[in-house]
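Chemist: fold the stuff below for me.
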Amino acid sequence: MIVVRPRRRVPRGAIVFLNAATRKGLAEEGVERLMALFGRAGFVAVAPELPGLADGEVTPATLEAAVIVALETADRCGGRVALAGASTGAGLAVLAAADRRLADRVSVVAAVAPFSDLRAVVRRATVERGEAPALLVDAVPRSLRALGSGDAVERVLANRDPAAFEALWAALPHEVLDSVEALAPVHRAGHVKAQLLLAAAPDDAFFPIEHQLALACACPRARLTLTRALEHVTPRRSLRVVSLLLFLVRFLRLAAQRERPGRFVLAASLGARAPYWGAAFGGPLPALIVRVAKQCA
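Modeler: Predicted coordinates for the structure are as follows:
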């Protein structure tokens with residue numbers, strides 16, 4: 001777990017960040033810099049290592065761990081918490097914010113490139129695998145097998161015929177179908193009471209735009225930012241990054257509990273690596289470094 005505390009004596013609020021499904025977990029490129037950015041903006045920032053997530057597994061235990069961390073953070077930091085997530089972590093952030101134990105204590109949710117439905121993700125990684133990134137194709141079998149085992153699960157994963165998918169899916173054990181339903185953010189988004197800030201690229205290779213549009217329609221307080229400044233969760237080197245800066249500032253303003261930040265100074269400069277909302281990229285990138293600093297009112 002990464003925990004960052006601000007220099008100021010009284011934090012403006014608390015942010016729990018849920019990472020993408022990546023083998024390196026919290027050691028992935030950019031995560032610590034993102035946490036430091038939240039700290040410099042005056043927030044307590046917490047990033048938990050959720051069970052199974054580094055192996056590409058999304059299970060009820062993964063979600064429960066996220067909810068517990070958010071509740072504990074809220075208890076220690078004034079009673080409320082902001083949630084942020086990238087990719088798989090973004091979908092988990094929406095699910096956590098909808099949990100009845102937490103819903104009234106979440107100030108805002110920022111979800112960058114979230115999935116909306118595990119069933120659609122499995123379909124993309126099997127019968128549509130020619131269009132899906134290798135990372136997704138590799139992770140989905142582990143996630144589905146973590147929910148249940150048996151011939152029915154293996155038949156779904158081995159299938160490459162779109163016409164056969166529905167019948168094979170319906171034949172899955174009830175416990176698997178129930179878990180998939182419970183882990184579908186689109187079915188829970190209507191219970192999110194905080195403002196839900198969504199951001200995604202219109203050409204996202206992992207979770208196509210239909211995922212984010214479904215969430216935006218399902219949550220009454222959703223606001224969707226579509227921007228070509230993103231390549232999944234990685235900022236592209238483009239002037240369009242302004243849309244991401246505005247997204248970030250909006251999130252931090254809504255996350256502030258004890259006082260509203262007077263105004264934020266945003267400075268963008270080119271560098272060798274980029275902080276981002278999640279950790280779904282590896283290696284050096286000639287991308288945009290975003291520095292957010294608070295200027296006292």
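Chemist: residue 120 - how many residues pack around it?
Modeler: Neighbourhood size, residue 120 [other C-beta atoms under 10 Å]: 18. All C-beta atoms are positioned from the backbone trio N, CA, C, and that covers glycine.
Chemist: over to residue 136?
Modeler: A count of neighbours around residue 136, defined by other C-beta under 10 Å, yields 21.
Chemist: residues in contact with it?
Modeler: 121, 124-125, 206 (C-beta atoms under 8 Å, 6 or more residues apart in numbering).
Chemist: repeat the analysis, applying 6 Å as the threshold.
Modeler: Going by C-beta atoms under 6 Å, 6 or more residues apart in numbering, residue 136 touches 125, 206.
Chemist: kindly report the same for residue 229.
Modeler: Contacts for residue 229 (C-beta under 6 Å, 6+ apart) come out as 235-236, 238, 240-241, 243-244.
Chemist: pick the one among the residues you listed closest to residue 78.
Modeler: Nearest to residue 78 among the contacts of residue 229 is residue 244, at 27.5 Å by C-beta to C-beta.
Chemist: now that closest one: which helix or strand?
Modeler: Taking DSSP states H and E as the definition, one finds residue 244 inside helix 242-255.
Chemist: now, of the contacts of residue 229, which are buried?
Modeler: Among those, those classed as buried by 16 or more other C-beta atoms under 10 Å are 235-236, 238, 241, 243-244.
Chemist: those: which two are farthest apart?
Modeler: 236 and 243 (11.1 Å).
Chemist: quick revisit: in the helix holding residue 244, what's buried?
Modeler: Under 16+ other C-beta under 10 Å, the buried positions of helix 242-255 are 243-245, 247-252, 254-255.
Chemist: before we move on, what about stretch 202-217?
Modeler: Residues 204, 206-208, 211-216 are the ones in stretch 202-217 that count as buried (16+ other C-beta under 10 Å).
Chemist: could you export the residues you listed as TSV, including pLDDT, secondary structure and distance to residue 157?
Modeler: Putting the buried residues of stretch 202-217 into TSV (pLDDT from 0 to 100; DSSP: H, G, I helix; E, B strand; the rest coil; distance: C-beta to C-beta, whole Å) gives the following:
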residue	pLDDT	secondary structure	distance to residue 157
204	90	coil	23
206	91	coil	18
207	93	coil	19
208	91	coil	20
211	95	helix	21
212	94	helix	26
213	95	helix	27
214	95	helix	24
215	95	helix	26
216	95	helix	30
